[in-house]
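K.L.:
Fold the stuff below for me.
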Amino acid sequence: MAFGHQRLESRRLLLREISKGGRIPRIDLAERTGISRATVTAVTADLLKGGLIEEIPRDPEAEDSARGRPKIDLKISGNAHLVAGLKVSGHSISFVLMDFEGADIETHEEALPNSTMTPVGLADAIARGLDALAAKVDGSVADLSGLGVGLAGLVQADTGLVHWSPSLTQRNVNLHDVLSARLGLPVFADNDANLVAMAELTFGLGRDHSDFIVITIESGVGMGLVLGGQIYRGTRGCGAEFGHTKINFEGALCRCGQRGCLEAYVADYALVRDASSVLDIDPKGSTAEAVAQVLAAARAGHGAARNVVDRAGRMFAVGLANLVNVFDPQLIILAGEQMQFDHLYADAVIDEMRKSIVQVDKPPPRVEIHKWGNLMWARGAAAYALEFVQDIAVESLDHAR
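P.N.:
Model (predicted):
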């Protein structure tokens, strides 16, 4: 039993390392993982037989004859499995289809009839979108090995329990169960900001950093926290809720139902709400258009609009400074649809943040702007699902014999 568990862990570790390496010889796998060469040979034989990896000829110019490197590299077999990832937004769902190697195959956008839906209604919309996505490659949902789901709110990733989400009419919904029953495939849900952090860690600006923070600013304010190369979720799976940290106990009403949250001053709906009493904002127009109108009025010298925008910047600067003082990250990445506007990362805001952090004789964390679209969020969801599918595939090798 112990031997079987050890072999399973070795398979999992080596598959992960091959996935990270792209293409890699067996000798490098042994050096990077600390697993003996004999075990690497035996375990990779299992992975080859199971169709999870494949051998490819090594580039002759890359040969290192002094070390006797083999002439064969190993890589993930892209066609072994398919996974999908999706991002639920206010009025649409963005889908990405990805192969086992992590390469994008196809994308799709599915419109939503409402920004807030019942769990069953959302499941139906997701099913329609997946059908359309699979049809683009002449396939079906049955061809998928897993689905990653990212949505705003308080999501317990290990169980799939959504404590609260602005996309759902109900609280405490087990989205894993609802979607798995509707779709007939494994589902892995998480807070969308965590999946942006996953994307940054996997193929984004965070690839070379072990500690960084991603702040997402769209219809709400989210945060993904990476510590020691791992996403931090907290003991209840609800950690890193930056947007719901309190900055004014008797302050503005947040969409989560509480008052004084940072999001209630910084998010797009907050800007529009606070400026609607002083500007003629079309209630039927898009939120993005309304935000643009508020910012344009502020730049044109409209005093009340300028006050709303300046307050949002000050609140955001204080929030960022608190994060730096608590976590001292190497890097802060600001991402999301709101990055098309510059009011939250203007020089004055970043300077205010730097003035409010603990001062030491070292430079402050670097702040980077990454203008991700919804499809990039969906890629993070697919990458999240891919890790689980890798584990499932490894565990299935013995059952297939």
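
K.L.:
contacting residues around residue 170?
P.N.:
118-119 (Cβ atoms under 8 Å, 6 or more residues apart in numbering). Any C-beta I mention is one placed from the backbone N, CA and C, and that applies to glycine too.

K.L.:
Wait, a strand at it?
P.N.:
No: going by DSSP: H, G, I helix; E, B strand; the rest coil, the assignment for residue 170 is coil, not a strand.

K.L.:
Can you tell me how far it is from residue 224?
P.N.:
For residue 170, the distance to residue 224 (Cβ to Cβ, to the nearest Å) stands at 25 Å.

K.L.:
Residue 136 now?
P.N.:
From residue 136 to residue 224 the distance is 29 Å (Cβ to Cβ).

K.L.:
quick one: stretch 36-56 to chain centroid distance?
P.N.:
Distance of stretch 36-56 from the chain centroid (Cα atoms, centre = their mean, to the nearest Å) equals 30 Å.

K.L.:
what does it rub up against?
P.N.:
With contacts defined as Cβ under 8 Å, 6+ apart, stretch 36-56 is touched by 7, 10-11, 14-15, 18, 23, 26-27, 29-30, 33, 35, 72-77, 80, 100, 390, 393-394, 396-397, 400.

K.L.:
Alpha carbons only: can I get the helix or strand residue 125 falls within in PDB?
P.N.:
Secondary structure from DSSP states H and E places residue 125 in helix 119-135. Extracted in PDB, the C-alpha atoms of helix 119-135 (Å, rounded to 0.1, in the frame of the first residue of the first chain):
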ATOM      1  CA  PRO A 119     -28.300  28.300  -9.800                       C
ATOM      2  CA  VAL A 120     -30.300  26.200 -12.200                       C
ATOM      3  CA  GLY A 121     -30.500  29.100 -14.600                       C
ATOM      4  CA  LEU A 122     -26.800  29.700 -14.500                       C
ATOM      5  CA  ALA A 123     -26.200  26.000 -15.000                       C
ATOM      6  CA  ASP A 124     -28.400  26.000 -18.100                       C
ATOM      7  CA  ALA A 125     -26.500  29.000 -19.500                       C
ATOM      8  CA  ILE A 126     -23.200  27.300 -18.900                       C
ATOM      9  CA  ALA A 127     -24.400  24.100 -20.500                       C
ATOM     10  CA  ARG A 128     -25.500  26.100 -23.600                       C
ATOM     11  CA  GLY A 129     -22.200  27.800 -23.800                       C
ATOM     12  CA  LEU A 130     -20.200  24.600 -23.400                       C
ATOM     13  CA  ASP A 131     -22.300  23.000 -26.200                       C
ATOM     14  CA  ALA A 132     -21.500  25.900 -28.500                       C
ATOM     15  CA  LEU A 133     -17.800  25.800 -27.500                       C
ATOM     16  CA  ALA A 134     -17.500  22.000 -28.200                       C
ATOM     17  CA  ALA A 135     -19.400  22.300 -31.400                       C
END
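
K.L.:
Sheet partners, orientation included, of the helix or strand that comes right after it?
P.N.:
Going down the chain from helix 119-135, the next helix or strand is strand 146-151, by DSSP H and E. Partners of strand 146-151 in the sheet, by DSSP bridges, are strand 82-88 (parallel), strand 187-191 (parallel).

K.L.:
Highest average neighbour count across those: which stretch is it?
P.N.:
The highest mean neighbour count among those, using mean count of other Cβ atoms under 10 Å, belongs to strand 82-88: a mean of 28.

K.L.:
who does whichever helix or strand comes after it touch, helix- and strand-wise?
P.N.:
Next along the chain after strand 82-88, taking DSSP H and E as the criterion, comes strand 92-99. Using 3 or more Cβ pairs under 8 Å, 6 or more residues apart in numbering; DSSP states H and E, the elements in contact with strand 92-99 are strand 82-88, strand 104-111, helix 119-135, helix 374-395.
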